[in-house]
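[1] From the sequence below, what's the structure:
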Amino acid sequence: MTKVACNSRDRAFVLMLYKSGCGIGDFLSLKITHIEFDEYGALLYVMR
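    Residues are numbered from 1 along each chain as shown. So this is what the prediction gives:
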C-alpha cells in the first residue's frame, strides 16, 4: 500500500493508520493537542 502512495504525505498517512491501529474515524478526529512529540518520534492520544 505504501509503495503505491503518490507522495510522502499519503505514505505517512497510510503508515500512521497501520502503526497506530486506529480506524479512519479515530484518526480524522485527532486534534493537534492529541499529539505529543518527543526525542523518539510522536505519541498519539486517541479518544474512543
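[2] Tell me, how many residues neighbour the residue nearest to residue 48 when sequence neighbours are not counted?
    Spatial nearest neighbour of residue 48, excluding adjacent residues (CB to CB, 6 or more residues apart in numbering): residue 26 at 6.5 Å. In this view, the C-beta of every residue, glycine as well, is placed from N, C-alpha and C. Neighbours of residue 26 under the rule other CB atoms under 10 Å: 15.
[3] Please apply the same query to the one 10 residues further on.
    Using other CB under 10 Å, residue 36 is surrounded by 9 other residues.
[4] ok, back up a step: check the offset of the host helix or strand of the residue nearest to residue 48 from the chain's centre.
    Here residue 26 sits within helix 24-28, counting by DSSP states H and E. The chain centroid and the centroid of helix 24-28 are separated by 9 Å, computed with CA atoms, centre = their mean, to the nearest Å.
[5] Equivalent analysis for stretch 19-26, please.
    A distance of 7 Å separates the centroid of the chain from that of stretch 19-26, by CA atoms, centre = their mean.
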